[in-house]
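Q: pasting a predicted model and its sequence here:
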Amino acid sequence: MRSLIFLAALLTVPTAFAQDIEDLHWMRGCWRSEEPREAESGAQYTEVWIAPPAPILVGYAYTMGEGEVQGWEQMRIEVNGRLEFVAMPLGAFPVRFQVVEDDTPNRVTFVNPEHDFPKKIEYWREGARLYARVSDGGSEGQDYAFRRIRCPANLRP
């Protein structure tokens with residue numbers, strides 16, 4: 001009987017916030033912004049997240065518009081005591097963001113209040129869509145809505 005009570009208690013405990021790389025399995029894959037990303041230029045944003053056989057999630061992103069690459073970024077999510085999002089836009093010096101507790105399934109939030117912009121990075125998944133928001137921690141920010149795409153050979157690692 002004690003075993004059943006213990007098992008029932010475990011099943012009713014809320015999902016803990018993302019604490020390790022495996023908790024973010026829902027981010028893996030190739031994602032492309034809905035058309036058009038930016039109405040003026042028709043730019044399209046692509047993000048790719050892979051999980052090598054190591055405790056890390058590696059990502060890269062690029063923006064295509066007007067027939068050329070308009071921007072790119074290398075990213076990784078790693079465990080450094082807690083999960084950290086590390087961004088390197090245009091290959092710049094790494095900027096680290098710390099995970100924030102959030103019990104919402106398929107959602108993760110990272111913050112760095114000392115950074116100029118963004119101070120907050122959020123990802124969440126709803127069905128076959130991945131969403132991201134980079135913001136100042138308040139109302140100023142950029143939203144991204146992605147659809148899963150089949151990873152073309154040139155995007156695969």
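A: Noted; the coordinates are in hand.

Q: pLDDT on the strand or helix carrying residue 62, on average?
A: When elements are assigned from DSSP states H and E, residue 62 belongs to strand 56-65. Averaged across strand 56-65, the pLDDT comes to 94.

Q: quick one: residues in contact with that strand.
A: Residues outside strand 56-65 that contact it (CB atoms under 8 Å, 6 or more residues apart in numbering): 21, 24, 27-28, 37-38, 41-52, 69-79, 157. C-betas here are computed from N, CA, C, even on glycine.

Q: give me the subset of those lying in strands.
A: Secondary structure from DSSP state E places 44-50, 69-79 of the contacts of strand 56-65 in strands.

Q: helices of this protein, start to end?
A: 2-12 (DSSP state H).

Q: keeping just the C-alphas, turn stretch 105-114 into PDB.
A: Provided in PDB are the C-alpha atoms of stretch 105-114 (Å, rounded to 0.1, in the frame of the first residue of the first chain):
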ATOM      1  CA  PRO A 105       6.000  22.000 -20.100                       C
ATOM      2  CA  ASN A 106       8.000  22.600 -23.300                       C
ATOM      3  CA  ARG A 107       9.100  26.000 -22.200                       C
ATOM      4  CA  VAL A 108      12.500  27.400 -21.100                       C
ATOM      5  CA  THR A 109      13.500  30.900 -20.100                       C
ATOM      6  CA  PHE A 110      17.000  32.300 -19.700                       C
ATOM      7  CA  VAL A 111      18.000  35.700 -18.300                       C
ATOM      8  CA  ASN A 112      21.000  38.000 -18.100                       C
ATOM      9  CA  PRO A 113      20.000  41.300 -16.400                       C
ATOM     10  CA  GLU A 114      23.500  42.700 -17.000                       C
END
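
Q: give me the residues contacting that stretch.
A: If you take CB under 8 Å, 6+ apart as the criterion, stretch 105-114 is touched by 15, 17-18, 23-24, 26-27, 83-85, 95-100, 102, 119-126, 137.

Q: from those, which land in strands?
A: Per DSSP E, the subset of these in strands is 83-85, 95-100, 120-126.

Q: measure the residue nearest to residue 31 when sequence neighbours are not counted to residue 137 for me?
A: Spatially, and ignoring its direct neighbours in sequence, residue 31 is nearest to residue 146 (3.6 Å; CB to CB, 6 or more residues apart in numbering). Going from residue 146 to residue 137 by CB to CB, to the nearest Å gives 22 Å.
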